[in-house]
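# Just need the structure, nothing else, for what follows:
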Amino acid sequence: MKSLFLLGTALAVSTPAFGQDAATDAAPVDPSIVVTANREPTPITQVGQSISVITRDQIDRVQAVSAVDVLARVPGVSVAQAGGFGQPASVFIRGADNAQSLVLIDGVRINDPGDVGGGFDFGNLTIGQFDRVEVLRGSSGVLWGSRAIGGVINFITARPTEQWTARAQAEYGWRDQKQVSASAAGLVGPVGLTLGGNWLKGDGFSAFDENLGGKERDGYESKSANARASVDLAQGLSADIGGFYTKANYDYDNTGADALNVGMKRDAQGYANVRYTGLDGRLNARVGYGLTDNRRISDDAVFGPYITNGRTQRFEGQASFTPIEAASLLIGAETEKQKFNDNFGSRDSTNIDSVFGNLTVRPLTGLTLNGGVRYDDNSDFGHKTTFAANGAWVIGQGVDAPVLRASYGEGFKAPSLYQLYTNAGFRALDPETSTSWDAGVDQPFAQGMGHFTVTYFDRKTKNLIDYDLTQFNYYNVGRARAKGLEIGMQVVNWEGFDVNLAYTYLDAKNEDTGKQLARRPKSNMYASIDKAWAVGLKLGADLRVGGGRYDDAANTQYVDGNLVVGARAAFAVTPKIEVYGRVDNVFDEHYEVVRLYGTPGRSAYAGVRVKL
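From the prediction side, this is the model:
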């Protein structure tokens, strides 16, 4: 009855109106407009939280293949992958656990209830079909719910315009890696269509570090497809429906030894929305439904398969109203049901119902203030109210005016179904809670083509859930804290140059023991420079410096840092056809990110890209 009441409330407040928002509507082409921070299109100068935008041009420029290739270039983000493509990959935002960040595709949640912590495994997600990525750093639980303690990552596909657009590329390289991707967007009569697909296959390398004796290569194959259709039903009224599907088959090893294990990951999502915009765009609303279905198979050559299935259904609605230019109000309600089962008899489900609100005021020219509150009711762990506030202040006029930002956020995350029902009979887990704040400055330069940012952040977590290797179950860490500094610089097309710098200093500790949290490097840096000439030639290079880290909670297994250099080139044969190539790990650095697991050596790739 409670779920029906919340859904009815959502429908009531949402039926009158809603326009563009992060949940699958038109993502703005302009990188200065973001949708993830406030769940609707907002100028980045009015966002008080730290957010990074990666455009399709930037993805093409660095010739990225996987999602982790892109995310590793963002301030405050570090990546740990246990081997090559297809192997488990975790993304840590400001030291938060992988499962503490919400992952979206076109605004639809894709976190897996069958995942260890209810997170998302980035190991097999390719980047070819996406037009844009937004990374929101810091607790965003008030607007995005319980899985957004660390932040939000939103992968966004292209949106149709009156003129059809299309792109395709094919690539071949090291150890027989082949990739083909294509996407198109445009109008067919009154219907806007977006279509895309990606195929990737390669021999790979041994997940068990080849420098320690790994010989058997762990290959992979990934297939994915996306589709979306939207139509205007009446004045201000529209509907859209879409989905994303990906399936990856891969080989994997045991810890510290070659093995003939094979795995499969399959993710499918679908969504539908009805939207309305009225009162000259001042009143907007949406009601929507989302479904995510996940399947994982880890087939051990000796012990046989372990199979998990996760499924999430969501109904949600929200409405925003801007009565005057200086103020706007966003309210919404959501109801979600998760299911999990495995082939060893674990089976259960959980529900969470939520209502939230956010008030935005602009009391002075250049000053934007946001304040929000959320109420969650979890069927297993009761209710929790959380708060958030943030502000942005543009000091002065002009494209080079600095922007001061500050934010405060609270988070609440219940244990995952996997943690509860595969936990060797141990059930006494408490929900994780967090409080975080950050403050920083964004200084534009070079007539607005460049930005330099510095941000300090601090997050405290209670009851962080970790795994005890001696007791073979999950337990709560009483207190954990992650604090540090992010430095970023980005220059886009300034006299032909593109420059990117992302540096993070992170101190992430278990405050009960004083130990560093596992797999979080204290320092992490990415830097790149690209130059384009009028004749169509582009040259670029990048440098990745990963700091050392402990691979275990007891801080007994240390993994040294690394320094990896890459180089690339591209040439426009015609205005629509470009050939390109790159060499990764130019100096063949031998290193690990996860102890005993390998990383790619020197490797070369070449391809062709077509845009219409």
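# who's in contact with stretch 605-612?
For stretch 605-612, contacts defined as Cβ atoms under 8 Å, 6 or more residues apart in numbering pick out 60, 63, 164-174, 177, 179, 576-582, 584. C-beta: built from backbone N, CA, C; applies to glycine.
# one more time with 7 Å, if that's ok
Residues outside stretch 605-612 that contact it (Cβ atoms under 7 Å, 6 or more residues apart in numbering) are 60, 165-174, 576-582.
# Looking at those residues, which are in helices?
If you go by DSSP state H, the contacts of stretch 605-612 have residue 60 in helices.
# Buried ones from the contacts of stretch 605-612, can you make that a ChimeraX selection?
The ChimeraX selection below is limited to those of the contacts of stretch 605-612 classed as buried (16 or more other Cβ atoms under 10 Å):
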select :60,165,167,168,169,171,173,174,578,580,581,582
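# list the buried ones in the host helix or strand of residue 276?
Per DSSP states H and E, residue 276 falls inside strand 257-278. By 16+ other Cβ under 10 Å, the buried positions in strand 257-278 come out as 258-259, 261-271, 273-278.
# Beyond that strand, next helix or strand please.
Using DSSP H and E, the helix or strand that directly follows strand 257-278 along the chain is strand 283-300.
# Pull out the buried positions in that following strand.
Neighbour counts using 16+ other Cβ under 10 Å place 283-288, 290, 292-298 of strand 283-300 among the buried residues.
# Give me the distance between that strand and the centre of its chain.
15 Å (Cα atoms, centre = their mean, to the nearest Å).
# packing partners for that strand?
Under the contact criterion of 3 or more Cβ pairs under 7 Å, 6 or more residues apart in numbering; DSSP states H and E, strand 283-300 touches helix 2-14, strand 108-109, strand 257-278, strand 304-324.
# could I get those as TSV with mean pLDDT and distance to residue 382?
Output for these, formatted as TSV (pLDDT from 0 to 100; distance: least, Cβ to Cβ, whole Å):
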stretch	mean pLDDT	distance to residue 382
helix 2-14	36	13
strand 108-109	90	22
strand 257-278	96	29
strand 304-324	96	20
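# Pipe these into JSON lines and attach distance to residue 494 per row.
Compiled in JSON lines, the helices and strands packed on strand 283-300 are given as follows (distance: least, Cβ to Cβ, whole Å):
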{"stretch": "helix 2-14", "distance to residue 494": "43"}
{"stretch": "strand 108-109", "distance to residue 494": "36"}
{"stretch": "strand 257-278", "distance to residue 494": "37"}
{"stretch": "strand 304-324", "distance to residue 494": "35"}
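# List just the one of these that sits closest to residue 413.
strand 108-109 (13.3 Å; Cβ to Cβ).
# any idea which of the buried residues of strand 283-300 is closest to residue 111?
For the buried residues of strand 283-300, the minimum distance to residue 111 (Cβ to Cβ) is 7.8 Å, reached by residue 292.
# Dihedrals phi and psi, the spatially most central residue of the chain?
For the chain, the residue nearest the mean C-alpha position is residue 153 (2.6 Å; Cα atoms, centre = their mean). Backbone torsions for residue 153, taken as degrees, to the nearest 10, come to phi -120, psi 120.
# what sits against it?
101, 103-104, 135.
# most neighbours, which of those?
Within these, most neighbours by other Cβ atoms under 10 Å means residue 101, with 28 neighbours.
# Help me confirm that that one comes into contact with residue 93.
Yes - in this structure, residue 101 is within contact of residue 93 by Cβ atoms under 7 Å, at 5.1 Å.
# Give me the common contacts of the two.
Contacts common to residue 101 and residue 93, judged by Cβ under 7 Å, 6+ apart, are 150-151.
# among the contacts of stretch 605-612, which are in strands?
With strands taken from DSSP state E, the overlap with the contacts of stretch 605-612 comprises 165-173, 577-582.
# Let me know the closest of the residues you listed to residue 236.
Closest to residue 236, out of all of the ones in strands among the contacts of stretch 605-612 and judged by Cβ to Cβ, is residue 165, at 25.8 Å.
# Show me what that closest one is bridged to.
residue 185 (DSSP bridges).
# cool, and residue 491?
Residues in beta-bridge contact with residue 491 (DSSP bridges): residue 450, residue 499.
# Would you mark the buried spots in stretch 556-574?
By neighbour count on 16+ other Cβ under 10 Å, the buried set for stretch 556-574 is 559, 562, 564, 566, 568-570, 572.
# Now find how far off-centre it is within its chain.
How far stretch 556-574 lies from its chain's middle: 21 Å, per Cα atoms, centre = their mean.
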